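*Asks:* this one's sequence-less:
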């Protein structure tokens, strides 16, 4: 990817290699302004990238790993339960705030 002003075929080849190696962001950072405009305006490039994505999906389907979201879901459920319990219990802070305001009022009355 060190060439400057690569042609669309070279850009596509570099993209396919980056997709295979998992370094597409590096490929995108390597584009010059002129190459970026060429990629953005080329229907041929986008059609070819779709073919490469499909081939990668088919070629590596057996090696694909899906994330286990069970732990995430259990933590979300625990947070929901915790929040619902907090909403049901009366807050002690409200009583304390009421007592404080009465005390402040009494002090203000005494000074007058």
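*Replies:* Arrived safely. Model, not experiment: these values are computed from the prediction. Numbers count the residues shown, from 1 in each chain.
*Asks:* From residue 69, how far out is residue 80?
*Replies:* Counting by Cβ to Cβ, to the nearest Å, the gap from residue 80 to residue 69 is 16 Å. Every residue, glycine included, has its C-beta placed from N, CA and C.
*Asks:* Equivalent analysis for residue 28, please.
*Replies:* Counting by Cβ to Cβ, the gap from residue 28 to residue 69 is 28 Å.
*Asks:* Neighbour count: these two, which is higher?
*Replies:* Remark: of residue 28 and residue 69, residue 28 carries more neighbours, 12 against 9, as counted by other Cβ atoms under 10 Å.
*Asks:* Got the domain ranges for the protein?
*Replies:* Domain segmentation of the chain under automatic domain parsing yields 8-63, 70-111.
*Asks:* Just put those domains in CSV and tack on mean pLDDT.
*Replies:* Below are those laid out as CSV (pLDDT from 0 to 100):
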stretch, mean pLDDT
domain 8-63, 84
domain 70-111, 69
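*Asks:* most neighbours per residue, which of these?
*Replies:* Highest mean neighbour count among the domains of the chain (mean count of other Cβ atoms under 10 Å): domain 8-63, with a mean of 13.
*Asks:* All the helices of this protein, residue numbers only.
*Replies:* Ranges of helices in the chain, per DSSP state H, are 8-21, 24-30, 33-41, 43-59, 70-88, 92-111.
*Asks:* who's in contact with stretch 48-57?
*Replies:* Contacts to stretch 48-57, defined as Cβ atoms under 8 Å, 6 or more residues apart in numbering, come from residues 12, 15, 16, 19, 20.
*Asks:* run the last query once more with 10 Å
*Replies:* 8-9, 11-13, 15-17, 19-20, 39, 42, 64 (Cβ atoms under 10 Å, 6 or more residues apart in numbering).
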